[in-house]
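Engineer: give me coordinates for this.
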Amino acid sequence: MVRMIFWFAVLAGLAAMIAWLADRPGEIVIDWLGYHIETSLAVALLGLVLVLAVLRLMWSLLRRLLHVPGAITDYVRNRRKRRGQDALSRGIVAVAAGDRDMARRHADVAARLLPGDPLARLLEAQTAQLRGDHKRVEQVFADMLGDPDTEVVALRGLYVRARQAGKEGRARELAERAYRRNSGLDWASDAVLKGHAGQRDWPAVLAVLEAQRRSRLLDDDTARRKRAVVFTAQALEAEAADADAALDLAGKALKLDPGLVPAAVLAARIDFARGYLKRGLKLIEKAWAINPHPDLAQIYAHARPGESTRDRLARIRALLAVAPGSEDGAVALARAAIEAHDWRTARDALADYVAGRPRARICVLMAEIEEGEFGDRGRAREWLARAVVAPRDPAWVADGFVSEQWQPISPVSDELGAFVWKVPLESLGYGGPGPEPGVALPPVIEARPTPPQPQPRSEPKPEPGSKAGAKAQSRLAGAGEAASPAPAADVKPVRPAGAGTAADTAGDTAGDTAASRQPDDPGPDPEAERGGWARKARQGLIGGRA
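Structural biologist: This next block holds a predicted model:
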């Protein structure tokens, strides 16, 4: 709009000037070098405009003639550049497609037509990597280190190459150099963080986490969770030497992540040791409401040393009232009930988890219930046999590594806060209930072989009516009356394939001992033995599957 107004004003001014000149025509007389020229003002102005236009055209032609060499040079350079860029594009596509020959051909063309171009040098490095020429890769990236524009790219390439070659120290140095140049680099910051975490340099880890948060490499929730892990790791290391510092660090961790199980367990353990029962119980209840875990139930049940098993059972009931409905809570209640010999409560706690394919810990607890309540070792062994092939129990898992205890970093990748409480991956195979199809299992009970019976001797057949024939018939009749049914074959329980445990061996040994005991030997107290072998089997089974 403003431009239209401007040009309208210009046109109006020109029109006004032309009208003013038309009202005052006048004449112009020129006497120069014997020439006498008379003309009107309008014609003189028109001639002046034509002269200026001719001068402008001549100047333009002269300038073009002067720039012809440069234009030719620019044309050749631009054509070379276009060819190089085309080779560069085709080379990148060839690298992505895995075509080594085509990538190498285009990389050579790009390097010749675009000398010193960062993308051409990067294409050369990628082509060498595709061919497996690691020395050439390192050489190209080393040459790129001298250019500030390609230094970070070269550091990244050398870092990846060092990791592939297993040179972790060299890789850490390269990552730290890149991090000092630009702390916002995701790969460099992550590598530096893992390096400090692997060395347990927790202050440096906190500094890197803060830099990542400022650079928006981490969102606020993830940054808080990782800082809580660091504070928990510091608290675990300081617990033996300085309980006050450990309690303070655990408190910081719980403020950032109230559901962090190891921090809650550590803080509660210190509070219970100092007699702060209520404060410790509140910490456990708050963590249980967010993240139910067996360690929380264990320390909650034993908050006060010397309590009876009935008191511990009541305490577990109170904990489950905070957040009911979890399998870990049901297992904790069943364990406490078994210790208190409250078998009905233990069965009711596990009732929702025994159908289908219950986990190994459910099967072991059911075996202990059967043996403890009824002394039914047959049913107990059946549950233990199911536990051998049952789905695995939850554990602390990080990068496929299964640990019985929580750790702040993964031993595989040094990732901070990688351990989570979950069910480990099952091995590939049949996952349905019962035995795998096509695999024949041995019978649970097999009969002992029946000893061969002696065959009767063949005697000559006496003639009917003779005295010898009468005696033979009398002898056969007597043998028939005295004959009695053959005794039933002894049977012996046999374990299914793969279900043998230390508990089974102990049970067999006990049975053999009982069979060889003297008549006047009363044997061991059954109440003292009851439950012991099942608990040993549970420890051996869980320890082997952890």
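
Engineer: so where is this protein shaky, pLDDT-wise?
Structural biologist: Applying pLDDT under 70 to the chain flags the ranges 427-546.

Engineer: name the nearest residue to the residue most central in space within it, ignoring sequence neighbours.
Structural biologist: When C-alpha atoms, centre = their mean is applied to the chain, the residue found nearest the centroid is Asp399 (4.9 Å). Among residues not flanking Asp399 along the chain, Val412 sits closest, at 3.9 Å (C-beta to C-beta, 6 or more residues apart in numbering). Heads up, the C-betas are built off the backbone N, CA and C, glycines and all.

Engineer: count of neighbours near the one you found?
Structural biologist: Counted with other C-beta atoms under 10 Å, the neighbours of Val412 add up to 11.

Engineer: so who does it touch?
Structural biologist: 398-401 (C-beta atoms under 8 Å, 6 or more residues apart in numbering).

Engineer: quick check, it in a helix?
Structural biologist: No - applying DSSP: H, G, I helix; E, B strand; the rest coil, one finds Val412 to be coil, outside a helix.

Engineer: what separates it from Leu122, distance-wise?
Structural biologist: According to C-beta to C-beta, to the nearest Å, Val412 and Leu122 sit 31 Å apart.

Engineer: now Ala204
Structural biologist: 32 Å.

Engineer: which of these two has more neighbours?
Structural biologist: The neighbour comparison of Ala204 against Leu122 (other C-beta under 10 Å) goes to Leu122, with 21 against 15.

Engineer: which of the helices or strands spans the more buried one?
Structural biologist: Leu122 is located in helix 118-131, with elements delineated by DSSP states H and E.

Engineer: list the buried residues of that helix.
Structural biologist: For helix 118-131, a neighbour-count test (16 or more other C-beta atoms under 10 Å) marks 119-130 as buried.

Engineer: can you check stretch 220-233 too?
Structural biologist: Neighbour-count burial for stretch 220-233 flags 223-233 (criterion: 16+ other C-beta under 10 Å).

Engineer: could you do stretch 166-176 as well?
Structural biologist: Neighbour counts over stretch 166-176 (16+ other C-beta under 10 Å) mark 171-176 as buried.

Engineer: what's the closest of those to Arg216?
Structural biologist: Ala175 (19.5 Å; C-beta to C-beta).

Engineer: residue contacts, that closest one?
Structural biologist: Residues counted as contacts of Ala175 (C-beta under 8 Å, 6+ apart) are 155, 159, 187-188, 191-192, 195.

Engineer: for Ser410, same thing?
Structural biologist: Contact analysis of Ser410 by C-beta under 8 Å, 6+ apart lists 398-399, 401, 418-419.

Engineer: quick one, phi/psi of it?
Structural biologist: Dihedral pair for Ser410: phi -80, psi 130, per degrees, to the nearest 10.

Engineer: any idea how far Ala263 is from it?
Structural biologist: In terms of C-beta to C-beta, Ser410 sits 18 Å off from Ala263.

Engineer: mind listing what's buried in the helix or strand encompassing Lys255?
Structural biologist: Using DSSP H and E, Lys255 maps to helix 243-256. Of the residues in helix 243-256, 243, 246-250, 252-254, 256 count as buried by neighbour count, 16+ other C-beta under 10 Å.

Engineer: that one packs against which elements?
Structural biologist: Packing partners of helix 243-256 (3 or more C-beta pairs under 8 Å, 6 or more residues apart in numbering; DSSP states H and E): helix 220-238, helix 261-274, helix 277-290.

Engineer: which residues does that helix contact?
Structural biologist: 224-225, 227-229, 231-232, 234-236, 238-239, 260, 263-264, 266-267, 270-271, 273, 283, 286-287.

Engineer: go on, stretch 348-357?
Structural biologist: So stretch 348-357 is contacted by 327, 330-331, 333-334, 337, 358-359, 362, 365-366, 369, 390-391, 433 (C-beta under 8 Å, 6+ apart).

Engineer: please redo it, this time with the cut-off set to 7 Å
Structural biologist: 327, 330, 333-334, 337, 362, 365-366, 390-391, 433 (C-beta atoms under 7 Å, 6 or more residues apart in numbering).

Engineer: next, the buried residues of that stretch.
Structural biologist: Buried, per 16+ other C-beta under 10 Å, within stretch 348-357: 349-350, 353-354.

Engineer: nearest to Ala318, of the residues you listed?
Structural biologist: For those, the closest approach to Ala318 (C-beta to C-beta) belongs to Ala349, at 14.6 Å.

Engineer: so which strand or helix has that closest one?
Structural biologist: Here Ala349 is assigned to helix 343-350, by DSSP H and E.

Engineer: tell me the helix or strand right after that helix.
Structural biologist: helix 360-374.

Engineer: helices or strands up against that next one?
Structural biologist: Under the contact criterion of 3 or more C-beta pairs under 7 Å, 6 or more residues apart in numbering; DSSP states H and E, helix 360-374 touches helix 327-339, helix 343-350, helix 377-388, helix 532-545.

Engineer: what residues of it count as buried?
Structural biologist: 360-373.

Engineer: quick one on the thing from earlier: and of the buried residues of stretch 348-357, the nearest to Asp31?
Structural biologist: Tyr353 (123.2 Å).

Engineer: how near is the closest one to Leu333?
Structural biologist: The value you get for Tyr353 to Leu333, if C-beta to C-beta is used, is 11 Å.

Engineer: got the phi and psi for Leu33?
Structural biologist: Per-residue torsions, Leu33: phi 60, psi 40 (degrees, to the nearest 10).

Engineer: now do Trp421
Structural biologist: phi -90, psi 110.

Engineer: now, the buried residues of stretch 166-176 that are in helices?
Structural biologist: 171-176 (DSSP state H).

Engineer: closest one of those to Leu88?
Structural biologist: Once C-beta to C-beta is applied, the member of these that ends up nearest Leu88 is Leu174, at 26.1 Å.

Engineer: residues touching the closest one, list them.
Structural biologist: 155, 158-159, 162.

Engineer: re earlier: next, the angle from the helix or strand that comes right after the helix holding Leu122 to helix 118-131.
Structural biologist: Next along the chain after helix 118-131, taking DSSP H and E as the criterion, comes helix 134-144. If you take axes from the mean of the first three to the mean of the last three C-alpha atoms, to 10 degrees, helix 134-144 sits at 160 degrees to helix 118-131.

Engineer: for the helix or strand just after helix 134-144, packing partners?
Structural biologist: Next in sequence after helix 134-144, counting helices and strands by DSSP H and E, comes helix 151-164. Secondary-structure packing of helix 151-164 (3+ C-beta pairs under 7 Å, 6+ apart): helix 118-131, helix 134-144, helix 168-181.

Engineer: can I get those in CSV with distance to Glu382?
Structural biologist: Below are the helices and strands packed on helix 151-164 laid out as CSV (distance: least, C-beta to C-beta, whole Å):
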stretch, distance to Glu382
helix 118-131, 59
helix 134-144, 59
helix 168-181, 50
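
Engineer: now do Asp190 against Tyr179, distance only.
Structural biologist: 10 Å.

Engineer: repeat that for Ser308.
Structural biologist: Separation of Ser308 from Tyr179 (C-beta to C-beta): 58 Å.

Engineer: the more surrounded of the two?
Structural biologist: Higher neighbour count among Ser308 and Tyr179: Tyr179, with 22 against 10, using other C-beta under 10 Å.

Engineer: I'd assumed Lys422 was in contact with Pro394.
Structural biologist: Yes - using C-beta atoms under 7 Å, Pro394 is in contact with Lys422, at 5.9 Å.
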